[in-house]
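Visitor: Give me a 3D structure for the following:
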Amino acid sequence: MNDGQPGRPRLGFFAICLAYCAIIVDASVLNVAVPALRAGLGTSMAGAQWVLDAYTLPLAALLLTAGALGDRIGLRRLLLGGIGLFTLASAACAAAPDAGALIAARAVQGVGAAALLPATLAIIPHLFRTPESQGRAAVAWVAAGAVAVAAGPLVGGALIGAFGWRSIFLINLPVGVVSIALAAVSITETPRRAAAPMDHVGQVAAVAVLGLLTAALILGGAAGWGDPATLGALAAAIAAAAVFWWWEHRTRYPLVPPSFFAVRARTVAIASAGLMGFAFYGTLFVTSLYFQQLRGESPAAAGLALLPLTAGTAIGPLLLYRPLARRFGHPVLLLAGFVCCAAGTATLGWLGPHTSYAVAAAGLLLTGAASTMSFSALTSLLMSNVPAGQSGLGSGLQNTTRQSGALIAVSILGSVLSPGLGGGRLGVAFVIIGLAALSGVTAGLVAIREPQPEPAAA
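Guide: Here you go, the predicted model:
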């Protein structure tokens, strides 16, 4: 912060965690709301997927620009603008008269979330000066998100049961107002790097890749995988990806500098974020449908049933991670997290209409605790391998891949389950999630072989 000490670091940290929690709650609440949305708006599974993905798509695609933009214009300015837009869009979601209006408002929500999310992590090194305090803050940041994930389905299910689905958007309004007020008085502006031209071509290509891929995956479940529209969208997504790769290696000011991935530990951390995003949010999406559609639970009961998954996310950063990281290091915990996630997914693969809830609870708890163990590890790995001048870019990349994982998970798994959860389709969904977890195990093995520049941060 402007070469001096930050104004009120603890209050500022509380403000960024509050804003971070708002967007995490929003994502987790909507998974429980899928059946209520379909009934209330009279839409199909594909329509419900678009309600979820209309938020995640701009969030994932624009995080790349937002992270770098924060380094250019100042992270405080980016944070306050993002919170304001997210809060206003939440009000529009609550007032939406139909599915189309809700999808449009959700997209604006995603833009606001894309602005504020990278700032919440990138501001930490400016609030706290020592590596130890930064490490503690990073783990606390993960823990705050974990608490938000835990509260989301539980609070959301209760709100839907009592007041309807619109109420889940209204909870963002007081949170947004308070976080803006606290951030405005406690966080001073961060240093700004010399402005460089924005990579408009790369940004458009990134949006095109994610948008076309999402459309192809949703169309695959709704119209069929051999449908010309599905194949056309998939081919266009591949072409856009090729353009993105080519342009990023050609332009002088790339959206994603290829040199960023010259350090293998960064690549492992970024890839792990996407895989864990897929595994966790895929599990949340599938099990939300499982409890409500296959077991006939109400939204409130489903939120309660999901508590081992969502509350389990708080166990890793709050109770286990710091002492284990001091003893074993971040790479070992990254690997252990993905191994436990794979075990949890294998357990959930046994679920059926009459399976004992104890089986579901065990699998959900394993997956929940493992997800934030891995996320804490990859966050610490990334922060220790990214120079301070690229903290916004690193945060943006990490969250981009995490949200992209969630986006692709909802698109793929929603298409698999579009006809229903019977006929072995539930098992197929968990096999797909398991493959993502096993890919994460591979990433963890690579991380263990890499030398680390810093000792494990507490």
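Visitor: Pull the residues that contact stretch 417-434.
Guide: Residues from elsewhere that reach stretch 417-434 (Cβ atoms under 8 Å, 6 or more residues apart in numbering): 45-46, 221-222, 278-279, 282-283, 286, 289-290, 293-294, 342, 345-346, 348-349, 351-352, 409, 412-413, 416. To be clear about C-beta, it is placed using only N, CA and C from the backbone, and glycine gets the same treatment.
Visitor: likewise stretch 29-44?
Guide: With Cβ under 8 Å, 6+ apart as the test, stretch 29-44 has contacts from 45, 47-48, 51-52, 55, 98-99, 102, 152-153, 155-157, 160, 164-165, 168, 222, 281, 284-285, 288-289, 292-293, 299, 302-303, 306.
Visitor: How far off centre is that stretch?
Guide: Distance, stretch centre to chain centre, for stretch 29-44: 20 Å (Cα atoms, centre = their mean, to the nearest Å).
Visitor: Tell me how far residue 25 lies from residue 244.
Guide: Distance, residue 25 to residue 244, using Cβ to Cβ, to the nearest Å: 31 Å.
Visitor: cool, residue 355 as well?
Guide: Separation of residue 355 from residue 244 (Cβ to Cβ): 43 Å.
Visitor: more crowded one of the two?
Guide: residue 244 (22 against 14; other Cβ atoms under 10 Å).
Visitor: And the average pLDDT for the host helix or strand of the more buried one is what?
Guide: Residue 244 belongs to helix 228-250 when elements are defined using DSSP states H and E. Mean per-residue pLDDT for helix 228-250: 94.
Visitor: list the buried ones in it?
Guide: By 16 or more other Cβ atoms under 10 Å, the buried positions in helix 228-250 come out as 230, 233, 234, 236, 237, 240, 241, 243, 244, 247, 248.
Visitor: Now distance to residue 365 too, for those residues, in CSV please.
Guide: Output for the buried residues of helix 228-250, formatted as CSV (distance: Cβ to Cβ, whole Å):
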residue, distance to residue 365
230, 37
233, 38
234, 36
236, 41
237, 36
240, 39
241, 37
243, 43
244, 39
247, 44
248, 40
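Visitor: if we take those residues, which one ends up nearest to residue 329?
Guide: residue 248 (32.0 Å; Cβ to Cβ).
Visitor: Report the contact partners of the closest one.
Guide: With Cβ under 8 Å, 6+ apart as the criterion, the residues that contact residue 248 are 199, 202, 254, 255, 256, 257, 258.
Visitor: same deal with residue 85?
Guide: Residue 85 makes contact with 108, 111, 112, 115 under the criterion Cβ under 8 Å, 6+ apart.
Visitor: Am I right that the first one is in contact with residue 89?
Guide: Yes. Assessed by Cβ atoms under 8 Å, residue 108 is found in contact with residue 89 at 4.0 Å.
Visitor: More neighbours: the two, which one.
Guide: residue 89 (24 against 19).
Visitor: any idea of the mean pLDDT for the helix or strand hosting that one?
Guide: Element membership for residue 89, per DSSP H and E: helix 75-95. Over the span of helix 75-95, the pLDDT mean works out to 92.
Visitor: for the helix or strand following that helix, packing partners?
Guide: Following helix 75-95 in sequence order, the next helix or strand is helix 99-122 (DSSP H and E). If contacts are counted by 3 or more Cβ pairs under 8 Å, 6 or more residues apart in numbering; DSSP states H and E, helix 99-122 sits against helix 9-41, helix 45-73, helix 75-95, helix 131-163, helix 391-416.
Visitor: May I see the buried residues of the second one?
Guide: It stands for helix 45-73. By 16+ other Cβ under 10 Å, the buried positions in helix 45-73 come out as 45, 47-71, 73.
Visitor: quick one on the thing from earlier: now which of the contacts of stretch 29-44 would you call buried?
Guide: Counted by 16+ other Cβ under 10 Å, those give 45, 47-48, 51-52, 55, 99, 102, 152-153, 155-157, 160, 165, 168, 222, 281, 284-285, 288-289, 292-293, 299, 302-303, 306 as buried.
Visitor: about what we covered before: the next helix-or-strand element following the helix holding residue 244 - contacts with which helices or strands?
Guide: The helix or strand immediately downstream of helix 228-250 is helix 264-289, counting by DSSP H and E. With contacts taken as 3+ Cβ pairs under 8 Å, 6+ apart, helix 264-289 sits against helix 9-41, helix 307-315, helix 330-348, helix 357-385, helix 391-416, helix 425-449.
Visitor: any idea of the angle helix 264-289 forms with helix 9-41?
Guide: 40 degrees (axes from the mean of the first three to the mean of the last three Cα atoms, to 10 degrees).
Visitor: Just the angle for helix 264-289 relative to helix 391-416, thanks.
Guide: 40 degrees.
Visitor: Show me what the helix or strand following helix 264-289 packs onto, helices and strands only.
Guide: Per DSSP H and E, helix 264-289 leads on to helix 299-305 as the next helix or strand towards the C-terminus. Under the contact criterion of 3+ Cβ pairs under 8 Å, 6+ apart, helix 299-305 touches helix 9-41, helix 131-163.
Visitor: so how far is helix 299-305 off the chain centroid?
Guide: Using Cα atoms, centre = their mean, the offset of helix 299-305 from its chain centre is 22 Å.
Visitor: related to what we said a few turns ago, in CSV: the helices and strands packed on helix 264-289, plus mean neighbour count.
Guide: Shown next, in CSV, are the helices and strands packed on helix 264-289 (neighbours: other Cβ atoms under 10 Å):
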stretch, mean neighbour count
helix 9-41, 22
helix 307-315, 23
helix 330-348, 24
helix 357-385, 24
helix 391-416, 26
helix 425-449, 20
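Visitor: quick one: which of those has the weakest pLDDT on average?
Guide: helix 307-315 (a mean of 81).
Visitor: Now do residue 404 against residue 214, distance only.
Guide: 10 Å.
Visitor: before we move on, what about residue 273?
Guide: 18 Å.
Visitor: And for residue 188?
Guide: 38 Å.
Visitor: Would you mind telling me which of the two has the busier surroundings?
Guide: More crowded of residue 188 and residue 214, by other Cβ under 10 Å: residue 214, with 26 against 16.
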